[in-house]
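Participant: sequence and predicted structure are below.
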Amino acid sequence: MNNLLKLVNACLLGLTLLSGVSYAATSPSAAKATEKILPNIYKIPLAKGVSMDDAVDSMKLRANALNIKLVAELPLSKQVEAMTGNKERRMTIFQFCDALTAKELVNLDMDFAIFLPCRIALIEDKTGQAWLIMMDMNVNQLSKAAQMNKALTDKITTVRNGLIEIMNAGAKGDL
């Protein structure tokens, strides 16, 4: 599986250096390519009138409904405030996981642990707009590189689609 790691690293480096394309949602229902530093980013703004706390509640409820567990919540902005004494824009990282699928991935190749658990960041930008952001894995590319069977490919596709559903619920404030 060293070839898998080399392929993933080469793809990420090549995409980062050459294309710089990411995917950003300009509304909770549509994604489009934009120029950014990192490739394969799914980014969606919170809809007007949706508070960051409402978005968090909505994401947690949707994750629970999809049987994707919230395994960690990292309030990084609070940590920075504690260290500096200065008020910071909100930055919280949510880590979600489907433990059985994660186990299968790591059993296939332990290098998949770098993707675990799946992360969704809630970030307040300089203008006060809140965003939900995650790495959008190319499931087909990973599946081919790792020579995954269809059942495992289907499972990670389901998790990826579930994460997007969680983000969309948060962005819309769907409870």
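Facilitator: Sure thing, it's come through.
Participant: not counting the helix ranked longest in the chain itself, show me its contacts.
Facilitator: For the chain, the longest helix by residue count, based on DSSP state H, is helix 150-172. Residues outside helix 150-172 that contact it (CB atoms under 8 Å, 6 or more residues apart in numbering) are 25, 28-29, 42, 44-47, 50, 55-56, 58-59, 61-63, 66, 68, 96, 98, 101, 104-105, 108, 118, 120, 122, 132, 134, 136-137, 139-140, 142-143, 148, 174. C-beta coordinates here come from the backbone N, C-alpha and C atoms, glycine included.
Participant: and it, which residues are buried?
Facilitator: 152-153, 155-156, 159-160, 162-172 (16 or more other CB atoms under 10 Å).
Participant: what about the contacts of helix 150-172, which are in strands?
Facilitator: 25, 42, 44-45, 96, 118, 120, 122, 132, 134 (DSSP state E).
Participant: from the residues you listed, pick the one nearest Ala82.
Facilitator: Comparing the ones in strands among the contacts of helix 150-172 against Ala82 with CB to CB picks out Leu122 as the nearest, at 18.4 Å.
Participant: which parts of the chain are helices?
Facilitator: 2-14, 52-65, 76-84, 99-108, 139-146, 150-172.
Participant: for Lys126, which of those helices is the nearest?
Facilitator: Of all these, helix 76-84 comes closest under CB to CB, at 13.5 Å.
Participant: what helices or strands is that closest one leaning on?
Facilitator: strand 91-97 (3 or more CB pairs under 8 Å, 6 or more residues apart in numbering; DSSP states H and E).
Participant: hmm, back to that, then the longest helix of the chain to CSV, C-alphas only?
Facilitator: What follows is helix 150-172, C-alpha atoms only, in CSV (Å, rounded to 0.1, in the frame of the first residue of the first chain):
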residue,chain,number,x,y,z
LYS,A,150,-17.6,-2.2,-4.3
ALA,A,151,-19.1,-2.7,-0.9
LEU,A,152,-16.5,-0.5,0.9
THR,A,153,-16.6,2.1,-1.9
ASP,A,154,-20.3,2.3,-1.4
LYS,A,155,-19.9,2.7,2.3
ILE,A,156,-17.4,5.6,2.1
THR,A,157,-19.6,7.2,-0.6
THR,A,158,-22.5,7.0,1.9
VAL,A,159,-20.4,8.6,4.6
ARG,A,160,-19.2,11.4,2.3
ASN,A,161,-22.8,12.1,1.1
GLY,A,162,-23.9,12.0,4.8
LEU,A,163,-21.3,14.6,5.7
ILE,A,164,-22.6,16.9,2.9
GLU,A,165,-26.1,16.3,4.1
ILE,A,166,-25.0,17.3,7.7
MET,A,167,-23.4,20.5,6.3
ASN,A,168,-26.4,21.4,4.3
ALA,A,169,-28.7,20.9,7.3
GLY,A,170,-26.4,23.1,9.4
ALA,A,171,-26.2,25.8,6.7
LYS,A,172,-30.0,25.9,6.4
